[in-house]
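Colleague: predicted coordinates and the sequence they were generated for:
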Amino acid sequence: QVQLAESGGGLVQAGGSLRLSCAASGRTFSRYATGWFRQAPGKEREFVAVITWTGGDTYYADSVKGRFTISRDNAKKAIYLQMNSLEPEDTAVYYCAAEWQGLGSQKSYTYDAWGQGTQVTVSS
């Protein structure tokens with residue numbers, strides 16, 4: 001089983017950028033697809049981005065396409081989410097997640113492990 005821990009959240013003005021990181025532990029990290037989800041107050045958790053375990057494919061929610069970029073470094077056991085052109089609507093707790101040999105699921109229930117989340121607040 002892999003364990004995950006996010007970092008990099010904070011307060012930023014609209015139009016600004018943040019880079020989230022997720023540190024993973026576990027010997028089989030490279031065999032997990034890794035994704036980012038977010039949850040705003042009073043709303044359900046929603047998919048943001050995912051990269052397949054092969055690293056060959058990435059998928060994004062329409063709301064972040066062209067602004068966010070997901071990447072991973074298997075040697076460092078790390079996942080990243082570069083967020084540019086941030087909007088107040090991006091304010092949420094952001095979670096990284098891992099799915100064993102995942103192929104890009106956008107459904108939270110398919111994921112096997114979750115981090116504790118990091119708060120991102122975008123002011124207008």
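Modeller: Noted; the coordinates are in hand.
Colleague: quick one: residue 85 and residue 13 touch, right?
Modeller: No. Between residue 85 and residue 13 there is no contact under Cβ atoms under 8 Å: 11.4 Å. Every residue, glycine included, has its C-beta placed from N, CA and C.
Colleague: okay, these two: which has more neighbours?
Modeller: Ranked by neighbour count (other Cβ atoms under 10 Å), residue 85 and residue 13 place residue 85 first, with 13 against 10.
Colleague: got the contact list for the closest residue to that one other than its chain neighbours?
Modeller: Counting by Cβ to Cβ, 6 or more residues apart in numbering, the nearest residue to residue 85 once its immediate chain neighbours are dropped is residue 67, at 4.7 Å. Counting by Cβ atoms under 8 Å, 6 or more residues apart in numbering, residue 67 touches 83-86.
Colleague: again, only using 10 Å
Modeller: 17, 60, 82-87, 90 (Cβ atoms under 10 Å, 6 or more residues apart in numbering).
Colleague: out of these, who has the most neighbours?
Modeller: residue 83 (25 neighbours).
Colleague: which element is the nearest residue to residue 114 once chain neighbours are set aside on?
Modeller: Leaving aside its chain neighbours, residue 114 sits nearest to residue 97 (5.1 Å; criterion: Cβ to Cβ, 6+ apart). Using DSSP states H and E, residue 97 sits within strand 92-100.
Colleague: strands paired with that strand, and their directions?
Modeller: Strand pairing for strand 92-100, determined by DSSP bridges: strand 32-39 (antiparallel), strand 113-114 (antiparallel), strand 118-123 (antiparallel).
Colleague: how about that strand as PDB, C-alpha atoms only?
Modeller: This file holds the C-alpha atoms of strand 92-100, laid out as PDB (Å, rounded to 0.1, in the frame of the first residue of the first chain):
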ATOM      1  CA  ALA A  92     -10.700  24.000  -2.300                       C
ATOM      2  CA  VAL A  93      -8.900  21.400  -0.400                       C
ATOM      3  CA  TYR A  94      -6.800  19.500  -2.900                       C
ATOM      4  CA  TYR A  95      -6.100  15.700  -2.400                       C
ATOM      5  CA  CYS A  96      -3.700  13.500  -4.200                       C
ATOM      6  CA  ALA A  97      -4.800   9.900  -4.700                       C
ATOM      7  CA  ALA A  98      -3.300   6.600  -6.100                       C
ATOM      8  CA  GLU A  99      -5.000   3.800  -8.000                       C
ATOM      9  CA  TRP A 100      -3.200   0.400  -8.500                       C
END
